[in-house]
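> Any chance you can model this:
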Amino acid sequence: MDSAEIAHFEITSSELDKAKTADIKLFETIMDSDGLTPETDVAAGKIAPGTSGSTTIAVTNNSDVNVNLDMTFKLEYNGLNAPLEFSTDNSTWNTDITQVQPATTKLDMSTGKRKEITLYWRWAFGESQTATDTAIGEDVTALGTNQPEVTVTATCTQVD
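A predicted model of the protein is given here:
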């Protein structure tokens, strides 16, 4: 008698919900412009020119099949648009978060089951944007809290 079992499909992530989406805490740890040193020149919990940070999302394939992982990011501002730049490699930067999507990653069922993708952000510091940065800082005082929100969505599909 010939028999077979149905392959199990399970993708897990401590950062994402069951639907593989999450509002990520991109601004939880705010660093200096080097991305390595804790920020000491800006009040705690605030972002300003010269601040940066990152967050890492890990996805694990616990399936009996190979899976392709695609990840997208969406940014929404509640008020002013701070001139933030984003990257997934910490070297190529873009002000449009939708342009820094990581390439499709194959999560092999036996090797390479786990993939970590880091989303970096920075608010560039420099003389060329001082007037714009100052205007944003002055306007945010009148508006109150201005918290950018980042949503990540992971799409996992079986490899054919």
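
> Where do the helices of the chain begin and end?
Per DSSP state H, the chain carries helices over the ranges 130-143.

> ok now do residue 134, which residues does it touch?
Contacts for residue 134 (Cβ atoms under 8 Å, 6 or more residues apart in numbering) come out as none. (Each C-beta comes from the backbone N, C-alpha and C, glycine too.)

> and with 10 Å instead?
residue 49 (Cβ atoms under 10 Å, 6 or more residues apart in numbering).

> now the residue nearest to residue 108 when sequence neighbours are not counted: how far from residue 7?
The shortest distance from residue 108 to any residue other than its chain neighbours is 5.5 Å, reached at residue 66 (Cβ to Cβ, 6 or more residues apart in numbering). Distance, residue 66 to residue 7, by Cβ to Cβ, to the nearest Å: 10 Å.

> Mutual contacts of these two, please.
Contacts common to residue 66 and residue 7, judged by Cβ under 10 Å, 6+ apart, are 109, 158.

> Look at these two and report which has more neighbours.
More crowded of residue 66 and residue 7, by other Cβ atoms under 10 Å: residue 66, with 16 against 10.

> so what's the most centrally placed residue in the chain bridging to?
Computing the C-alpha centroid of the chain and ranking residues by Cα atoms, centre = their mean puts residue 119 first, at 3.6 Å. Judged by DSSP bridges, the bridge partners of residue 119 are residue 55.

> Check the contact between it and residue 52; I expect there is one.
No - under the criterion of Cβ atoms under 10 Å, residue 119 makes no contact with residue 52, lying 11.7 Å away.

> Now the common contact residues for the two.
Shared contacts of residue 119 and residue 52, defined by Cβ under 10 Å, 6+ apart, are found at 87, 90.

> Any regions of this structure where pLDDT drops low?
The model of the chain has pLDDT under 70 over residues 78-81, 112, 127-128, 140-147.

> Now do the strands for it: every range, in order, please.
11-12, 21-24, 31-32, 51-61, 67-76, 84-87, 105-107, 114-123, 149-158 (DSSP state E).

> circling back to that earlier point, next, the contact list for the residue nearest to residue 108, please.
By Cβ under 10 Å, 6+ apart, the contact list for residue 66 reads 106, 107, 108, 109, 110, 112, 113, 158, 159, 160.

> Mind doing that once more with 6 Å?
Counting by Cβ atoms under 6 Å, 6 or more residues apart in numbering, residue 66 touches 108, 109, 159.

> burial measure for the last one, as a count.
Read it as residue 159. 11.
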